[in-house]
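Peer 1: Can you look at this prediction? I've put the sequence above it.
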Amino acid sequence: MPRSGSLAALSRLPAPAPPRSTREPVPSAAPHPSHGAGRPGRPRPRPPRFAKPGRQNRPAPPSAGRCPRCPRRADMVLDSLSAEGERCCRQLLRETTARFRARPAAAAVLVPLCLVRGVPALLYTLRSSRLAGRHKGDVSFPGGKCDPADQDVVHTALRETQEELGLAVPKEHVWGVMRPVYDRAKASVVPVLASVGQLDLQSLKPNPEEVEEVFVLPLAHLLQTQNQGYTHFCHRGHFSYTLPVFLHGPHRVWGLTAVITEFALQLLAPDTYRSHLVCVQLPNDSKPALED
């Protein structure tokens, strides 16, 4: 896994406060073809969340996402889906898979790598606003809480994906388990990377009780610097850490979902994607956590 410090630091990060409506608005995003505007019977996307003045959602530096060895990003993205790219990702995930697959966890999510009309993309969901709790209406990957009957976190991620989207993913399509992330309550969430192949979004059957919308973000979109940002967080008045944000899609990707997205990009495009995950060790915090 590229940038060894980034992943090792994740389990020591403190929980960021969610953006509040009294703060400076996020910079305006360019229209996206999959926005709800103009589609009969579909509501317009929720307005962007708000951010800390002068701190949140800054564009990534111009040098991010560029590599002299990889001038053709589209070719690189397709290479990541080749047999050799899959073999490489499975090899990189072998250690974390062996370590965390059978370890008890609070929840697991599937990171679905798919092809939509031949374009490599990641599949996301918008959680239903009818759900209870503080995460309703948030962008997330399909997944949920581990059940005592689940064999391991892979079983949890696949079961929850089928329940939420009607999408059955064979176990052999799972490439591996990524390092867990932690929410504010310090509950572990384990990401599971899998290839779901060619995907027609119209063939999915989202559970309306859990999922409000299903959308994809092409890997090429996620790797474009104008769609990458970062958020600084402070702890007790001092800078503590920086998290990635992905902009200009149907919905803003932030929090744990953005961190997991970054993990996937580091695996799939290690020479192209530059991490925005930065951590400073905080005193007197044995296991600070992130918030989605």
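Peer 2: Alright, I've got the coordinates.
Peer 1: List the contacts of residue 154.
Peer 2: For residue 154, the contacting residues are 101, 108, 171, 174, 177, 192, by C-beta atoms under 8 Å, 6 or more residues apart in numbering. Where you see a C-beta, it was placed from the backbone N, CA and C, and this is true even at glycine.
Peer 1: What is the three-state secondary structure of it?
Peer 2: helix (DSSP: H, G, I helix; E, B strand; the rest coil).
Peer 1: how about residue 108, phi and psi?
Peer 2: phi -140, psi 150 (degrees, to the nearest 10).
Peer 1: Show me what it is bridged to.
Peer 2: Applying DSSP bridges to residue 108 gives these bridge partners: residue 144, residue 190.
Peer 1: And for residue 177?
Peer 2: residue 192.
Peer 1: Could you identify the buried members of the contacts of residue 154?
Peer 2: Neighbour-count burial (16 or more other C-beta atoms under 10 Å) applied to the contacts of residue 154 gives 101, 108, 174, 177, 192.
Peer 1: Redo those residues as JSON lines? Include distance to residue 254 and pLDDT.
Peer 2: As requested, the buried ones among the contacts of residue 154 are exported to JSON lines (distance: C-beta to C-beta, whole Å; pLDDT from 0 to 100):
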{"residue": "101", "distance to residue 254": "27", "pLDDT": "97"}
{"residue": "108", "distance to residue 254": "20", "pLDDT": "98"}
{"residue": "174", "distance to residue 254": "26", "pLDDT": "98"}
{"residue": "177", "distance to residue 254": "23", "pLDDT": "98"}
{"residue": "192", "distance to residue 254": "21", "pLDDT": "98"}
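Peer 1: ok, of those, which one's closest to residue 199?
Peer 2: Set against residue 199, the nearest of those by C-beta to C-beta is residue 174 (15.9 Å).
Peer 1: ok, the closest one touching residue 191?
Peer 2: No: using C-beta atoms under 8 Å as the test, residue 174 is too far from residue 191 to be in contact (11.3 Å).
Peer 1: ok, back up a step: next, give me the two most distant ones among the buried ones among the contacts of residue 154.
Peer 2: 108 and 174 (11.2 Å).
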